[in-house]
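>>> Here is a sequence with its predicted model. Questions after.
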Amino acid sequence: MTGTRTPAALVLEDGRIFRGTAYGAQGSTLGEVVFCTGMTGYQETLTDPSYRRQIVVQTAPQIGNTGWNDEDDESKRIWVAGYVVRDPARSPSSWRATRSLDDELQAQGIVGISDVDTRTLTRHIREHGAMRAGVFSGDGLAGPDEMIEAVTASPAMAGADLAGEVTTAKPYVVPAAGQARFRVAALDLGIKSNTPRRMAERGIEVHVLPASSTVDDLLAVEADGVFLSNGPGDPQTQDHATELTKSVLEREIPLFGICFGNQILGRALGLGTYKMRYGHRGLNIPVIDAATGRVAITAQNHGFALEGEPGQRFESPFGAAQISHHCPNDDTVEGVRCLDVPAFSVQYHPEAAAGPHDADPLFDEFVSLMEARN
Ligand SMILES: NC(=O)CC[C@H](N)C(=O)O
C-alpha cells in the first residue's frame, strides 16, 4: 500500500465518530457494530454467515498477515457488512495465500476502515452495547449529521429476520467420508462448511436443507437425526424453525443444535431469549458443563442468548430439560439438554473454524444418540 491515504469514518448511532483510512472497497455500509476477540481466523470470521448485517471490529491489532487463501472459506462469500481493523498487513505472507485480504475485500465489495483505535472502540461497545453503525469512505463520506442520520435510519438487529438471506436455495448432500452409517437432515439457517465436514468424517451423510423447508421436506430425508445450524439475526423471528423443531421432538428423532440452533431448541422448549449487551465473539470463551463441572474453551459468535440459570432443571412440553452449559464470565446460558427426548444443543461452535477443538466430542455425542435409537 503506497501513496495516498483515503479518509474513512466509522459512525456509531450514539453520535461517536472514529476517523481512519479506507480499507477494502470504498463507499458506505450500515450494520450492527460488534467486536471479535479472535487472534486468528479472520478468513473464517468474514465468511461466517452469522455475521450477516454486522460490522466486525477485530480486537487483534494486526489483521491480514497471512493474506487470503482458497481453502479456509466457511461459505461461498464474505458476509460481514463492514470491517474495522487497526493495522492491516502491508506485505502478507503465507504459502497458502493467493491474494491479500485487502484485495479480497475490494473484489467482494466489502467496505472497511483501518487505522482505528480499536481498543477505545471496543471499550465503548463494551460499555454502551453493540449498536447500529456505518462505515463511510470515498463517495460515501459525508458530513457528520448526514452520516449519523443514515445510521439511525437503518434497521436494528433486534427483530431482524436474516436466515432466509443466507440459507441455501436448494437442498444438497455432503457425502460421508467412507461408509455412510447415518443420515442427518441439517436445517441451513447460515451453516458453516466445516460443520457438515465434521459430521461427514464420522460417517454421517448430511442432507443440507433450505431454511424454508417444511416438516414433510424434513421427514422425506428419512434421517437418523436432525441438525439445527448457526445463523444470523434475532431468534425471536424463527417461528418456522421453532415449529419444525417441535415436530422433530414430538417424533423423538435425535436432534443437535448449535448457536442459533441452541436458541431455537430453547424456544421450542418454552425458554425466552434476549439480546445481550455486546455478545460473545471470539475463540477462547470458557463454558462449564453442569453435569461434569468441566470447562471447555470454545469458539463463539452470538449476540442473543436464552433465558435460564446455570444448571437449572425445568419442565418443557417435551418433558424434563436442563440448562446444561453456562459461561462462567457472565452466567449466560451456553447449552440445553432434554432429559426425556434425545435432543441437546450448545450456544458455541464445536466445528471450531477457527477455534479450539475442546467441543469436538459433541459431534460424537450426536452420533451416540443416533446409535441408541437404531
Ligand atoms: N452464530 C450464531 O448462530 C448466532 C445466533 C444469533 N444470530 C445471535 O447472534 O445470537
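Structure's in. What do you need? Numbering: from 1, shown residues only.

>>> Going by C-alpha atoms from here, please, whenever you check contacts or count neighbours.
Fine.

>>> check contacts around Gly27.
Taking C-alpha atoms under 8 Å, 6 or more residues apart in numbering as the criterion, Gly27 is in contact with 111, 135-141.

>>> That one: what's its closest spatial neighbour, skipping adjacent residues?
Leaving aside its sequence neighbours, Gly27 sits nearest to Gly140 (C-alpha to C-alpha, 6 or more residues apart in numbering; 4.4 Å).

>>> Switch the contacts of Gly27 over to JSON lines; also include pLDDT.
Shown next, in JSON lines, are these (pLDDT from 0 to 100):
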{"residue": "Val111", "pLDDT": "98"}
{"residue": "Val135", "pLDDT": "98"}
{"residue": "Phe136", "pLDDT": "98"}
{"residue": "Ser137", "pLDDT": "98"}
{"residue": "Gly138", "pLDDT": "97"}
{"residue": "Asp139", "pLDDT": "97"}
{"residue": "Gly140", "pLDDT": "98"}
{"residue": "Leu141", "pLDDT": "98"}
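
>>> in the stretch 251-374 of the chain, which spans are helices?
Taking DSSP state H, counting those that start in this stretch as the test, the helices found in the stretch 251-374 of the chain are 260-268, 361-373.

>>> Nearest to the ligand among the ones you listed would be which one?
helix 260-268 (3.7 Å; C-alpha to the nearest ligand atom).

>>> Return the set of buried residues in the closest one.
Neighbour-count burial for helix 260-268 flags 260-268 (criterion: 16 or more other C-alpha atoms under 10 Å).

>>> residues from the stretch 201-350 of the chain in reach of the ligand?
Within the stretch 201-350 of the chain, the positions near the ligand by C-alpha under 6 Å from any ligand atom are 230-234, 259-260, 301-305.

>>> hmm, 8 Å instead?
The interface of the stretch 201-350 of the chain toward the ligand, taken as C-alpha under 8 Å from any ligand atom, is made up of 229-235, 258-261, 263, 275, 279, 300-305, 347-349.

>>> For the ligand, what is the nearest residue in the stretch 151-300 of the chain?
Taking C-alpha to the nearest ligand atom, the stretch 151-300 of the chain has Asn230 as its residue nearest the ligand, at 3.2 Å.

>>> got a list of what the residue nearest to that residue when sequence neighbours are not counted touches?
Counting by C-alpha to C-alpha, 6+ apart, the nearest residue to Asn230 once its immediate chain neighbours are dropped is Phe260, at 4.4 Å. Applying C-alpha under 8 Å, 6+ apart to Phe260 gives the contacts 189, 228-232, 235, 347.
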